[in-house]
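> Need coordinates for the below:
(4 chains)
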Amino acid sequence: MLVVRAIQATDLDALYDMASQVGSGMTTLKPDMKMLGDRVEIAVASFAETIPPEKRDYMFVMEDTDSGRLAGVCAIKGSVGLDEPFYNYRIGTLVHSSRELKVFTRMETLYLSNDLTGSTELCSLFLNPDYRHGNNGKFLSKCRFLFIAQFPHLFTEKLIAEMRGYQESSGRSPFYEGLGRHFFKMEFDHVDALTAQGKKSFIAELMPRQPLYVAYLPQDAQDVVGKVHTSTVPARRLLEQEGMHFEGYVDIFDAGPVLQGRVSELRAVRDSALAVVDVDTDMTHACAPQMEPVLVSNTNLKDFRMVLSEAAAVNGKIDLSADDQKLLRVHAGDVVRTLTLNVRKNTHV
Amino acid sequence: MLVVRAIQATDLDALYDMASQVGSGMTTLKPDMKMLGDRVEIAVASFAETIPPEKRDYMFVMEDTDSGRLAGVCAIKGSVGLDEPFYNYRIGTLVHSSRELKVFTRMETLYLSNDLTGSTELCSLFLNPDYRHGNNGKFLSKCRFLFIAQFPHLFTEKLIAEMRGYQESSGRSPFYEGLGRHFFKMEFDHVDALTAQGKKSFIAELMPRQPLYVAYLPQDAQDVVGKVHTSTVPARRLLEQEGMHFEGYVDIFDAGPVLQGRVSELRAVRDSALAVVDVDTDMTHACAPQMEPVLVSNTNLKDFRMVLSEAAAVNGKIDLSADDQKLLRVHAGDVVRTLTLNVRKNTHV
Amino acid sequence: MYVVRPVELADIAALEKLAAVSMPGVHTLPKTRDKIAQAVEASIASFSAHVDIPSEESYLFVLESLADHGIVGTAAIFASAGSNGTYFSFRNDVIQQVSRDLNISHSVHALTLCSELTAYSQLSSFYVNEAVQNRPEAALLSRARLLFAAMAPQRFADRFFVPLAGATGANGESPFWDAVGRKFFQMDFLDAERTIGGARNRTLIVELMPHYPVYVPLLPGDAQAVMGQIHPSGELAFSLLTAEGFEADDYIDIFDGGPILQAHKHALRTCTSSLQRTVATPRPSRSGEPVVPYAVAANAGQEFRAVVVAVPAIEGSATIALPVEVQEVLQVAEGGNVICVRI
Amino acid sequence: MYVVRPVELADIAALEKLAAVSMPGVHTLPKTRDKIAQAVEASIASFSAHVDIPSEESYLFVLESLADHGIVGTAAIFASAGSNGTYFSFRNDVIQQVSRDLNISHSVHALTLCSELTAYSQLSSFYVNEAVQNRPEAALLSRARLLFAAMAPQRFADRFFVPLAGATGANGESPFWDAVGRKFFQMDFLDAERTIGGARNRTLIVELMPHYPVYVPLLPGDAQAVMGQIHPSGELAFSLLTAEGFEADDYIDIFDGGPILQAHKHALRTCTSSLQRTVATPRPSRSGEPVVPYAVAANAGQEFRAVVVAVPAIEGSATIALPVEVQEVLQVAEGGNVICVRI
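This is a model prediction of the structure:
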């Protein structure tokens, strides 16, 4: 059985093994024992609330309790860009129009910005290929929203998630080749590695500071602005279902989109509900609507745990199986938070 | 009794009278018979769907059916900025940081933009002072959201509303004095009048094109960026309750905020519901929850009408009074759309 | 013998013929009789105007063959570019990029729309027909404008520039335009030039052209290749002007990417090495005395005349010995003043 | 009599004393013995280096009183500003604003962070003590750098600039800094200058300073008032440099808003009017022959020497008559070459 839970110091070796499988493309999860060790330490301190909220980095692991293996990992960073500047391009619109000539030209423009500084970031999502089936991917990605719904005071109102940008099957990034290469004069992978190491001052030194007209880029670079890597399409869809939107920010190197959301408008915040763990009676079963998978978490920050259950909350009570109770470390009478895994259609219209 | 309804050609004289009372500060409602006549004509064609959606301008009047007087007016423009560029300042963040000096400076920056080009705009809200009591203001402002919920296909996903910016009691705009005056070299009122007439090419000619650091403005100008006029505070709050947010766009002259929303995330779109007009029986009354004011509209675009009722929809049926039915021009068996006037607290938590 | 003189009303017909054969470029003469007549009238008014501060004056010169009184060339100078507006050009910016962390240092080339040439004096409309191309009179015509400016400095700015037509294809297409301006104007190069009438001071330029730098490495190769390149028709003008002291490289035209040469008057040979001399009548020629060709000009108004004449070197003398027929052409008499520069 | 010569190791102690009394400005000598020693060593290495392309060389000159061998002034020149980085300054941009619709035309002044002065040669560290302030030797010291550049052009760029200390208050506060740089650096002017060591080529400048133009009308009045103004200590340098042909107004310092004078070498009197002459020994003096003061320099390496000497005008002569004692100071002999310019 799978449980998502707050990471612990003892997970470090397993995390390193998992990071080794990630491959390139995810700058926040590299197989580097020092980096990972630091990160786990921060994560443990985050759940323990021994460091201030903006420095926190909540890391979750998905554990297969049958084998003890880690099946996946994901994280929420309290705030980005407070140590090193966090750069994006923002896509803006400039209208160039002349009444005299009856010309009205709408131009897209890229502005180098640090606008997302201070936002809470969803990041470092990785699911072991052995577990890529059923609802596991959804469970792992969405667990973060239920966590935020339970502890909204720990986060900024603004939430972001950087999506990997489009690359050709050869690994070539049309956006980087059309823009960044002219200013950095080095390979994409090299730039990517530098930023992963936190060496970002070269961006201030080398990037053009003036707004850029998208129309001046080669066509293949224009075409991929805001476009995700083919393998990232499903991940993007999951986040969009939960209330995250592409609002015009893209990565400065590969033009991958940044999805943004407001905590108060997340589906999880609007629709999740607390319920009391109840004894298994026929009554509650009888009244429960049709079964659908439900995310259920405990309400304990330090030992946060979540399962994907088939129990449903009815009138503020939930009939959790003994297994689920054990995985969540809750008992009858305890309060849990629940959210349907899938988005319900608007039944009002 | 008050009804909000689609404007008609015969409302022109009464509209002119109302515009004469508006005073300065609202560029979209000036007592100019030619301008108003053109606008009413467009509005009538909009409800009749004889012009394309992006050219439409849905204008609503609030009529006092006892006296036949117009009590108020408001409008929704299909798209802004497609004839003349629509300018705003966008507030961005630039981080200037030096690891060597351990300096980390977060600077706000103003970018001249046409980003909101093409958005649907809520505008021209005016309520006659004689009617400024009770729920009339809310009714008039919020009627537009229920209209959008009924006809979402007529609008762009992005919705905006420009709010009047802060002015001192003397009428002085600290933002204009601190910035615009240096470039326009004329009085604020004069600039305002020019833009109301649609003469906007001078903005392209005279405004500084380069991003501006807010920190270089005088302190009193910095203080009012994104701040509404004192008299506009309640109007702002109403829009925010419905799902509109300040996302960093401000007016280029007075720095008044632009509120933005997504149609799909408006409370009206999420929570409004259709109901069938039912005969007045004791049964429906008995089951209705505690009374609260409800916006109820018909579903007829060409003869759109809305009332503020005390009837509540239960199980898809609504017990509308005979008066309300008459005002809405509906009968038993017709479908109406309903939305509680006030935001319900989240009852799940 | 040839003389450079201000245009006169009687020249209109000849100019019309010349315009019909001259290049379809944008920095040459107007094409229609009405516009030519306007230009001639403006020039006559300018030469006779009393000027304290350079403004909208435009001075149009013609090169006349005295043998048959044919007009074989034209050249103009505008007192103050963009005088009723702003003269727009692209400034060639070189942005130094240095990252010490990465040990990278290179420069990036960018074009920025600027108005810095506004109120410079602008040389324009230089054209000579083929018969004169290789003669010193071509240089005379080009420099006559500067000789005039040296005689009447209050009529001109301290700085001068000259836009030269850029490289275009056989059908008038411009790779630079296609890469830069077309995206904003949404029309062909020739249509755009026609629409704007060759002007560079129109409001619609600031409305339509890019407000932010165009980074050159992002432009297609063919557009980069023609930046600062001249149309073949401009080669003579280019070589005369660079010899004069004009510098290219700082600015290019916003439409076709052609070079804009510019200089402070102190850098121009005509301004720095011209000599004022008193006219003398030559003694009976001492055969064998070496002679040097000079451009010589007289009179700072509508009577302005300039010719090429070979006389003994004048550097060590207070006078210049001009044959009587030359004096007549220049409309000066013995004892009068002329301005001279080696050509 | 005074001589300008390259600094030597033996001068370090004297320079240290001088640094203690000279102004606390940023464009003067280093303050500590170590830094002074470094500067002296760098200078000696530079004078003796074989240079093809100007790079990190820095040349430090002293003005020595031959009477007591005291050092009474210093002046330096860097071969290539920002040579291991980018030299940053604010460019003074004037943006023309014209609206024909509204019949408005005015210009707006903006400061843009730029790197255009990178690789110019930079004059710096000019200081003379009070005793010499009003003597021609002050001018000699300032010009000696350019005489050296005229003798060894391959060591320098074609363009030169000189930053002069800007106007600061009694306690070293700078209204310009307070309005512009402080918002980014979050520290006092003197702290910032100390931190950055007076440099203008550091990565942290591009990290911290504004990337977009600073519109001057938005700045407080006191900051606008000091833009391009010099600290009183720089007045002598300013008047010597403008007489030389340097122009202000195009650039100002990013920290204190002081003026940066700049010029192409062709605009500098020392470069354009210096004459090379052969040394002769004067005949017994013909009393009454008028004499003219010249700055005369010899030798283009560590043996470089420059003095002021009054001799009969040399414009019409191939030689310059230098008294034997002057020849000794200049380390030249009869028949040797010197470079001379009227002072």
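> The lowest-mean-pLDDT helix or strand in chain C - contacts with which helices or strands?
Every helix and strand of chain C was ranked by mean pLDDT, DSSP states H and E. The lowest is helix C:203-208, at a mean of 82. Under the contact criterion of 3 or more CB pairs under 8 Å, 6 or more residues apart in numbering or on different chains; DSSP states H and E, helix C:203-208 touches strand A:88-98, helix B:201-206. Heads up, the C-betas are built off the backbone N, CA and C, glycines and all.
> Could you tell me how many residues sit around residue C:272?
Neighbourhood size, residue C:272 [other CB atoms under 10 Å in any protein chain shown]: 12.
> so is the nearest residue to residue C:237 once chain neighbours are set aside in a helix, a strand, or just coil?
The shortest distance from residue C:237 to any non-neighbouring residue, by CB to CB, 6 or more residues apart in numbering or on different chains, is to residue C:126 (4.8 Å). Secondary structure, DSSP: H, G, I helix; E, B strand; the rest coil: residue C:126 is strand.
> any idea how far the closest residue to residue C:209 other than its chain neighbours lies from residue C:93?
Spatial nearest neighbour of residue C:209, excluding adjacent residues (CB to CB, 6+ apart): residue C:113 at 5.4 Å. As for residue C:113, its distance to residue C:93 is 11 Å (criterion: CB to CB, to the nearest Å).
> These two - which one has more neighbours?
residue C:93 (22 against 18).
> Surely residue C:256 is in contact with residue C:179?
No - judged on CB atoms under 8 Å, residue C:256 makes no contact with residue C:179 at a distance of 11.3 Å.
> Between these two, which is the more surrounded one?
Just comparing residue C:256 and residue C:179: by other CB under 10 Å the higher neighbour count belongs to residue C:256, 30 against 22.
> Next one: the more buried one from chain B, what distance?
23 Å (CB to the nearest CB, to the nearest Å).
> Tell me if that residue really is in a strand.
No - with three-state DSSP as the criterion, residue C:256 is assigned coil and is not in a strand.
> Tell me the bridge partners for residue C:310.
Beta-bridge partners of residue C:310, counted by DSSP bridges, are residue C:293.
> I'd like to know how far it sits from chain A.
Note on residue C:310: its distance to chain A, by CB to the nearest CB, is 53 Å.
> does that residue really touch residue C:296, like I thought?
No - checked against CB under 8 Å, the pair residue C:310 and residue C:296 is beyond contact range at 10.5 Å.
> More neighbours: the two, which one.
Comparing residue C:310 with residue C:296 by other CB under 10 Å, the one with more neighbours is residue C:296, at 29 against 11.
> Alongside chain B, which residues does the stretch 201-349 of chain A contribute?
A:201, A:211, A:243, A:245, A:248, A:262, A:265, A:270-274, A:346, A:348-349 (CB under 8 Å from any CB of the partner chain).
> residues in contact with residue A:131?
Residue A:131 sits next to A:2, A:62, A:64, A:71, A:72 when contact means CB atoms under 8 Å, 6 or more residues apart in numbering or on different chains.
> Spell out the secondary structure type for the most centrally placed residue in chain C.
Closest to where the C-alpha atoms of chain C average out (CA atoms, centre = their mean) is residue C:123, at 2.8 Å. What three-state DSSP gives for residue C:123 is strand.
> Bridged to the residue nearest to it when sequence neighbours are not counted, which residues?
Of all residues not flanking residue C:123 in the chain, residue C:162 sits nearest, at 4.2 Å (CB to CB, 6+ apart). Beta-bridge partners of residue C:162, counted by DSSP bridges, are residue C:261.
> Please tell me how far residue C:162 sits from chain D.
Separation of residue C:162 from chain D (CB to the nearest CB): 20 Å.
> May I have the phi/psi pair for the residue nearest to residue C:145 when sequence neighbours are not counted?
Setting aside the residues directly before and after it, residue C:145 is nearest to residue C:77 in space (CB to CB, 6+ apart), at 4.4 Å. With angles defined as degrees, to the nearest 10, residue C:77 sits at phi -140, psi 130.
> ok now do the closest residue in space to residue A:84 that isn't next to it in sequence, which residues does it touch?
Nearest in space to residue A:84, with sequence neighbours left out and distances taken as CB to CB, 6+ apart, is residue A:200 at 4.9 Å. Under the criterion of CB under 8 Å, 6+ apart, the neighbours of residue A:200 are A:84, A:85, A:87, A:194.
> Can you tell me the SS state at the second one?
Three states are possible here, and by three-state DSSP the one that applies to residue A:85 is coil.
> How about the residues of the stretch 151-300 of chain A by chain C?
Checking the stretch 151-300 of chain A against chain C by CB under 8 Å from any CB, the hits are A:178-179, A:182-186, A:194, A:199, A:201-202, A:205-206, A:208, A:210-213, A:215-218.
> taking those residues one by one, which sit in helices?
A:182, A:183, A:184, A:194, A:201, A:202, A:205, A:206 (DSSP state H).
> Looking at the residues you listed, which gets the smallest pLDDT?
Minimum pLDDT across those is recorded for residue A:201, with 72.
> What residue spans form the domains of the chain?
No chain in the question, so chain A it is. A:2-88+A:113-267, A:272-340 (automatic domain parsing).
> Actually, chain C is the one I wanted.
For chain C, automatic domain parsing gives the domain ranges C:84-118+C:159-264, C:273-342.
> tell me the most buried of those domains?
domain C:84-118+C:159-264 (a mean of 20; mean count of other CB atoms under 10 Å in any protein chain shown).
> can you tell me which residues contact the one residue in the stretch 101-250 of chain C that gets nearest to chain D?
Nearest residue of the stretch 101-250 of chain C to chain D: residue C:115, at 4.1 Å (CB to the nearest CB). Listed by CB under 8 Å, 6+ apart, the contact partners of residue C:115 are C:82, C:86, C:87, C:88, C:89, D:95, D:96.
> One more pass at 7 Å, please.
Residue C:115 makes contacts with C:86, C:87, C:88, D:95, D:96, as judged by CB atoms under 7 Å, 6 or more residues apart in numbering or on different chains.
> List the strands paired with the strand or helix carrying the last one, with their directions.
When you say that, I think you mean residue D:96. Counting by DSSP states H and E, the element that carries residue D:96 is strand D:89-99. Strand D:89-99 has the following strand partners under DSSP bridges: strand D:104-114 (antiparallel), strand D:247-252 (antiparallel).
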